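Q: Coordinates for the following, if possible.
(chains A and B)
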Amino acid sequence: MRSQVRRIHVFIFIAILMSVSASFLGAQTHLLNVSYDPTREFYEEYNQLFQKHWKATTGQDVVINQSHGGSGKQARAVIDGLEADVVTLALAYDIDAIAQNGGLLDKDWQSKLPNNSTPYTSTIVFLVRKGNPRGIRDWDDLIRPGVKVVTPNPKTSGGARWNYLAAWGYALRTSGNNEQGARDYMKKLFANVPVLDSGARGSTTTFVQRGVGDVLIAWENEALLALKEFGPDRFEIVVPSATILAEPPVAVVDKVAQRHGTEKVARAYLEYLYSPEAQELAAKYYYRPRLKPVADKYASVFPKVNTFTVVEGCGGWQNAQAKHFTDGGTFDQIYEK
Amino acid sequence: MPTKKANKSWSLVTRSSPLPGFRLSIGFTMTYLAVIVLIPLAAIIQHGARLGFGAFLHTVTAPRVLASYRVTLGCAAVAALLSALFGMLLAWVLARYSFPGKRIVDAIVDLPFALPTAVAGISLTALYAENGWIGRFLEPHGIHVAFTPIGIVMAMSFVGFPFVVRSVQPVLEDLDPAMEEAAASLGANVWQRFLRVIVPVAFPALLTGTALAFARAAGEYGSVIFIAGNMPMKTEITALLIVTKLEEYDYSGAAAIAGAMLALSFTIMLAVNLLHWWVQRREGKRV
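A: Residues are numbered from 1 along each chain as shown, chains lettered A, B, ... in the order given. Just a heads-up that it's a prediction; the model follows:
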């Protein structure tokens, strides 16, 4: 009994020692990157790259922690007090929300880094089963009767909002900017959707593992990853005639970085994403690099696509959100009788 | 986890008790209850109240939200009834018979308590999807389980039935065989013994277990979300709509739906408790 009490004392002592030393180590720079789900592997490798770069240029060590989850959920966590120095999310709307609800960064955050603060891009493509048995070539093929389309719910998945806007943008263009025409297209499209998963990975699983559906609407990086994981003998990628340029943006959370005294390193962390080394890494994880030479080098991986941006397709995220994804927006109207 | 029922314990609270420490323990209990349960619930109501009455009513009675109550509570009710039936059977088998591997079966009953519900949902979906081990035999007969309400019921039953087993089992184990023997010696046949001796004793526990299974099912998110298919108006559960509202940064709307769901569940649980109380009083009179 006595020795047990002593053991507990020793244990408590060690615990105190550890927490004290941990707070001293805190003097070393820590950076928290709050990101969305599919970037986990990319940032794991990028963090090592940046640590080396930072050590080489400033001589300082930096410890980078990552947090991943659904884009919207992550933004809410930051609003509710998760101490993120930088955010790297799936869509600008979520970072806008942090600027509006918490005031943690400036409203014009997107103009602070090159290319709309988007160091890498992606696009929306179709993943079909090997041999493309339903002959799917373009968006119009998705609304043929009997074709089953898998895509996540755009109201719960930030990634899926890009899918939705890609389809909307295409429909709007082909119907000569006739909104009613676009609405009709979307109605037919979602009538062909048998399962609405709550996230993008969920939809990939439904399509790939459960064998549901003829075509998966997916981010190109997810589609290429699925191809690599499950073999090109089972699936192939179809690039539609026009699609959206998906821009997952990054930003320094100013107020938090100021509090932590990490503004400089946080900014460098994001700027270094535009370096040739980081761009190579992005390409390796199937994000389209912005840097021309790197993009040229990987041209065989990323087929040429005809894209439009969110601004061109639907006048920016605030408009898109208000029009399509709020209560009673075009997505809700699809399911109303 | 529910173990033995202690129905008489609360009468200690009202009567002055020879046991010391009543004030201290009730103080601790109330504080704990407030911190763990009441304050979070109050926060929900406070958040929801920000909407104002009109907007609140509009949010909680939107067609999609109403449809989601139907799906959630309907599937939870079916799942609770299934759990009651098969949970009672399992409790009976575990309490009355001995067979090799009984302890393992007994331990398996607790698994759904411990397993992360998302794991349960993913496994059930893998099994019952078109190309799953079970699904591939059902699909040709036109029976769709995954991505339909049947799938939701399956997931809800999975998380719910241990509550029934663990509520009923101890009661059956405590049931004195002498009572049945007495009934038999007085000429009761097997059904009469079951209905007149066993059921009255086990019924309150069964009711408790079923109510718990229902409550658990109504609040379930993790396992259901994978198998439901989440089609608006058809297989969309209320918890998903709450998440949807949060994705829109509509905290008040989410809290409003949560509050409405809370009120509905509370009403149902209250009704079950009243039934419980009524059954016990009736049984009490008969003895």
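Q: The most centrally placed residue in chain B in helix, strand or coil?
A: In chain B, the residue lying closest to the centroid (CA atoms, centre = their mean) is residue B:213, at 1.7 Å. Following DSSP: H, G, I helix; E, B strand; the rest coil, the label given to residue B:213 is helix.
Q: quick one: contacts for the residue nearest to it when sequence neighbours are not counted?
A: Among residues not flanking residue B:213 along the chain, residue B:160 sits closest, at 3.3 Å (CB to CB, 6 or more residues apart in numbering or on different chains). The C-beta positions use only the backbone N, C-alpha and C, and glycine is treated the same way. By CB atoms under 8 Å, 6 or more residues apart in numbering or on different chains, the residues touching residue B:160 are B:79-80, B:83, B:212-214, B:216-217.
Q: Looking at those, which two lie furthest apart in space?
A: Longest distance between any two of those is 12.0 Å, between B:79 and B:212; criterion CB to CB.
Q: who has more neighbours, those two?
A: Each of residue B:79 and residue B:212 has its neighbours counted (other CB atoms under 10 Å in any protein chain shown); residue B:79 has more, 26 against 22.
Q: now, which of the contacts of residue B:160 sits nearest chain A?
A: Set against chain A, the nearest of the contacts of residue B:160 by CB to the nearest CB is residue B:217 (18.8 Å).
Q: part of a strand, is the closest one?
A: No: applying three-state DSSP, one finds residue B:217 to be helix, outside a strand.
Q: For it, list the residues it contacts.
A: Going by CB under 8 Å, 6+ apart, residue B:217 touches B:75-76, B:79-80, B:156-157, B:159-160.
Q: Residues of chain A that sit close to chain B?
A: With CB under 8 Å from any CB of the partner chain as the criterion, chain A meets chain B at residues A:70, A:72-73, A:76, A:79, A:97, A:101, A:153, A:155-156, A:158, A:194-198, A:202, A:205-206, A:209-212, A:325-327, A:332, A:335-336.
Q: What about these, which are in helices?
A: Using DSSP state H, the subset of those located in helices is A:72-73, A:76, A:79, A:97, A:101, A:158, A:202, A:205-206, A:332.
Q: mind putting those residues in JSON lines, pLDDT and distance to residue B:63 included?
A: Formatted as JSON lines, these follow (pLDDT from 0 to 100; distance: CB to CB, whole Å):
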{"residue": "A:72", "pLDDT": "90", "distance to residue B:63": "24"}
{"residue": "A:73", "pLDDT": "90", "distance to residue B:63": "26"}
{"residue": "A:76", "pLDDT": "92", "distance to residue B:63": "26"}
{"residue": "A:79", "pLDDT": "93", "distance to residue B:63": "30"}
{"residue": "A:97", "pLDDT": "93", "distance to residue B:63": "27"}
{"residue": "A:101", "pLDDT": "88", "distance to residue B:63": "28"}
{"residue": "A:158", "pLDDT": "88", "distance to residue B:63": "25"}
{"residue": "A:202", "pLDDT": "86", "distance to residue B:63": "25"}
{"residue": "A:205", "pLDDT": "88", "distance to residue B:63": "30"}
{"residue": "A:206", "pLDDT": "90", "distance to residue B:63": "26"}
{"residue": "A:332", "pLDDT": "89", "distance to residue B:63": "10"}
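Q: Serialize those residues to CSV and add fields for neighbour count and distance to residue B:136.
A: Compiled in CSV, those are given as follows (neighbours: other CB atoms under 10 Å in any protein chain shown; distance: CB to CB, whole Å):
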residue, neighbour count, distance to residue B:136
A:72, 27, 35
A:73, 17, 34
A:76, 21, 40
A:79, 19, 45
A:97, 21, 43
A:101, 15, 47
A:158, 26, 34
A:202, 23, 21
A:205, 20, 17
A:206, 26, 16
A:332, 17, 35
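Q: ok, of these, which one's closest to chain B?
A: Using CB to the nearest CB, residue A:72 comes nearest to chain B of those, at 4.3 Å.
Q: and the nearest residue to the closest one once chain neighbours are set aside, how far is that from residue A:159?
A: Excluding the flanking residues, the one nearest residue A:72 by CB to CB, 6+ apart is residue B:247, at 4.3 Å. Distance of residue B:247 to residue A:159, given as CB to CB, to the nearest Å: 12 Å.
Q: neighbour-wise, which of the two wins?
A: Using other CB under 10 Å as the criterion, residue B:247 and residue A:159 rank with residue A:159 on top: 28 against 25.
Q: Quick check: chain neighbours aside, which residue is closest to that one?
A: residue A:200 (4.0 Å).
Q: Report the contact partners of that neighbour.
A: Shown in contact with residue A:200 (CB under 8 Å, 6+ apart): A:37-38, A:152, A:157, A:159-160, A:218-219, A:222.
Q: Out of those, list just those in strands.
A: A:218-219 (DSSP state E).
Q: mind putting the contacts of residue A:200 in a markdown table, pLDDT and distance to residue B:137 included?
A: Below are these laid out as a markdown table (pLDDT from 0 to 100; distance: CB to CB, whole Å):
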| residue | pLDDT | distance to residue B:137 |
| --- | --- | --- |
| A:37 | 86 | 34 |
| A:38 | 87 | 35 |
| A:152 | 93 | 29 |
| A:157 | 88 | 32 |
| A:159 | 89 | 34 |
| A:160 | 92 | 32 |
| A:218 | 94 | 30 |
| A:219 | 95 | 35 |
| A:222 | 91 | 31 |
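Q: which of the contacts of residue A:200 lies closest to chain B?
A: Comparing the contacts of residue A:200 against chain B with CB to the nearest CB places residue A:157 closest, at 8.0 Å.
Q: which residues sit in contact with that closest one?
A: With CB under 8 Å, 6+ apart, residue A:157 has these contacts: A:70, A:197-200.
Q: can these go into a markdown table with extra columns for pLDDT and distance to residue A:321?
A: As requested, these are arranged in a markdown table below (pLDDT from 0 to 100; distance: CB to CB, whole Å):
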| residue | pLDDT | distance to residue A:321 |
| --- | --- | --- |
| A:70 | 87 | 16 |
| A:197 | 90 | 21 |
| A:198 | 86 | 18 |
| A:199 | 85 | 18 |
| A:200 | 86 | 18 |
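Q: farthest-separated two in those residues?
A: Longest distance between any two of the contacts of residue A:157 is 11.6 Å, between A:70 and A:197; criterion CB to CB.
Q: Look at the two and report which has more neighbours.
A: residue A:197 (26 against 23).
Q: List the contacts of that one.
A: Counting by CB under 8 Å, 6+ apart, residue A:197 has contacts A:150, A:152-153, A:157, A:203, A:205-206, B:226, B:230.
Q: could you pull out the strands for the stretch 201-337 of chain A?
A: Taking DSSP state E, counting those that start in this stretch as the criterion, the stretch 201-337 of chain A carries its strands at A:215-219, A:235-238, A:243-246, A:250-252, A:288-289, A:307-308.
Q: Likewise for the stretch 51-200 of chain A?
A: A:62-67, A:86-88, A:120-129, A:149-150.
Q: Most tightly packed of the ones you listed?
A: Each of the strands of the stretch 51-200 of chain A was scored by mean neighbour count; the highest is strand A:86-88, a mean of 27, by mean count of other CB atoms under 10 Å in any protein chain shown.
Q: Nearest residue to residue A:172 in space, ignoring adjacent ones along the chain?
A: residue A:182 (4.5 Å).
Q: Low-confidence ranges, chain A, go.
A: Along chain A, the parts satisfying pLDDT under 70 run over A:1-27, A:337.
Q: and the top helix by length along chain B with helix A:71-79, angle?
A: The longest helix of chain B (DSSP H) is helix B:251-286. For helix B:251-286 against helix A:71-79, the angle by axes from the mean of the first three to the mean of the last three CA atoms, to 10 degrees is 90 degrees.
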